[in-house]
Each structure stands twice: as structure tokens, then as C-alpha cells.
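> quick check, what structure comes out for this input:
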Amino acid sequence: MIVTRTVPDLRAAILERRLAGDSVGFVPTMGFLHEGQLSLVRSAAEQNGCVVVSCFVNPTVFSNAQELASYPRDEARDLALLERERVDIVFLPDVHTVYPVDDLTRVTVEGLTRRLEGASRPGYLDGLTTATLKLINLVGPARLYLGQKEAQRVVVIRRMLRDLFVNLEVVVCPTVRDPDGLAISAANRALSIEERHAATCLFAALESVRKAYERGERSAEVLRARMTDLIAAESIARPDYISVADAYSLDELQRITGPALALLAVWIGRTRLTDCLPLAWDAA
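Sure thing, here's the model as predicted:
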């Protein structure tokens, strides 16, 4: 496994693999890896001759310095996990590598980066799209691997790549869940035992939508109400947003007539969790 920290070293390592005839699969992360991200790495390894993983804590997706400082970091642990997965190249850039001091450019997907997560966390999706495009340009992969759990991220990045004529295949992998249904996330580590139990209300809400949809329910209002009721039944859960949206525009729907997403952001105590359910969406 080659560990790189600079752009020239990264490009030299990737060029060597390309000259050997290997396709490149890329998994962008913010480090502090968990099983969900490692599942993306495994999918990339199955489909490519070379797997590149970046671990970059993107400062532009945080609302304040305290939130950025509190994000967990463990480089040695991440490298050990990636070594075990036989990753070919790891990119560990510092902030000034990705955002030089004279950097002026930001990427906004008009409308899409202002909804749901974008509305709740102003600037978050613009920071995400900007850093993702920068990393894609540095790596030059054939395939980009994202998780289904971050459905809005997938929608926004797909649109960005299409609009900017970036020739890249986006591979979306299924959400990895614990046995009780809770989606695996770095945020889960902050939950107390009581909160961990309460957090399963997100999966219960999405499961109620899945069952109703499979029985033929197409009223988005009914599906939102189902989720709202199940979240409200958990005393320490506080919803940020509960959405049934079009899978391309992210517009809230009245009735489902095509690909859609059920999306949740819920505070459990002081921890904010997100989850989603694709409804006739080509997520995986």
C-alpha cells in the first residue's frame, strides 16, 4: 500500500498503475473509517485493478471551528484498516493541499445544494461538491464509490458530474446496517446506551414506508405522516427534516409517480443522524 500526502506523489503512484493497464476506483472519505466505508472499498476492489482511498477532513462542511475540531481522527487506525483491505493507494492531503491559500472557487449545484441537508447545514453541500470535484480531478478515476445512506450527496454529485461533462461512473453501494437496523455511521459513537436504542426509530420509520410502498401506497403525504408518527413516538428524538422527495430534483412530492427518496435527519439527544430509503431509485 502506497501512502501519499502530496499531489505529485499521488499522481506518480496512479500513473504507474494506469501504465500497467489498471482501471482506478476511488473512495473519498473523511477518515475515521467504519464498516460502511470499508464496504465501498471492497466493491471498488472487485471492479478495478487499482483502488485509491482519500482520507480528508474537509473543513468547509463544518458549521464552526468547534465542530471541525471535535471530528474524530485516527490516522494510524485508518491506515491499518486500509492495509487489511489491501488498498493500493491512500491519499492523506492537508487542508492547504486541497484548499491553497489563494483558492477562490466553490461548486454550487443550483437548487440541489440548498435543500434538505443544504438548508439545515448552510454551506455543507457546496463544501462537499467542491472538495469531491477537486479530489476527482486529482485522482482521475474510472469509477467513484458512494454509499446509498448519503442519498442527497449522490443526487448532487451525479448532477454536478453530468453538468460539468465529467466522464466518470458513479457506483452507489447499499447502506450497511447494524443488526437492529441502525445505519453504520461515525456519528453513532457519540450515542449513549439509551440514545443508541432510541436511534432505531429512524430505521423503524423507513421500514414503515417501505412496507406501505410495497403494498401500493403512493401518497407522499401519507408516507411522511407515517415517519413523523414513529419519530414522535420516541421521546428523545427530535426531527430536523422528514422528506419524501423526487430522486432527481429533490422537490417534495405530493404523490410518487417515479423514482423517489424517503429521507430523514433526526436529533437523538445531541447527536444528529441521517438515513434514507430509495423508492424505485437506481441507487444500487
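> give me the helix or strand of the protein that scores worst on average pLDDT.
Across the helices and strands of the chain, mean pLDDT, DSSP states H and E gives its lowest value to helix 65-70, namely a mean of 87.
> helix or strand right after it?
Next helix or strand after helix 65-70 toward the C-terminus (DSSP states H and E): helix 75-84.
> ok, the closest residue to Tyr124 other than its chain neighbours - contacts?
Distances taken as CB to CB, 6 or more residues apart in numbering place Val61 nearest to Tyr124, at 5.0 Å, with adjacent residues excluded. Every residue, glycine included, has its C-beta placed from N, CA and C. Val61 makes contact with Arg121, Gly123, Tyr124, Gly127, Leu128, Ala131 under the criterion CB atoms under 8 Å, 6 or more residues apart in numbering.
> relative to Ile136, how far out is Val61?
16 Å (CB to CB, to the nearest Å).
> can you give me every residue that contacts the closest residue to Pro72 other than its chain neighbours?
Distances taken as CB to CB, 6+ apart place Phe32 nearest to Pro72, at 4.4 Å, with adjacent residues excluded. Taking CB under 8 Å, 6+ apart, we find Phe32 in contact with Tyr71, Pro72, Arg73, Asp74, Arg77, Asp78, Ala186.
> is it true that the third one touches Met30?
No - with contact defined as CB atoms under 8 Å, Arg73 does not reach Met30; the gap is 9.1 Å.
> and those two? which has more neighbours close in?
Met30 (17 against 12; other CB atoms under 10 Å).
> quick one: pLDDT of the closest residue to that one other than its chain neighbours?
Spatially, and ignoring its direct neighbours in sequence, Met30 is nearest to Val57 (5.2 Å; CB to CB, 6+ apart). With respect to pLDDT, Val57 has a value of 96.
> same check, this time on Trp281
77.
> so who does it touch?
So Trp281 contacts Ala151, Ala247, Pro259, Ala260, Leu261 (CB under 8 Å, 6+ apart).
> are any of those buried, and which?
Ala151, Ala247, Ala260, Leu261 (16 or more other CB atoms under 10 Å).
> could you list every residue that touches the third one?
With contact taken as CB under 8 Å, 6+ apart, Ala260 is in contact with Ala220, Val244, Ala245, Asp246, Ala247, Leu253, Pro278, Leu279, Ala280, Trp281.
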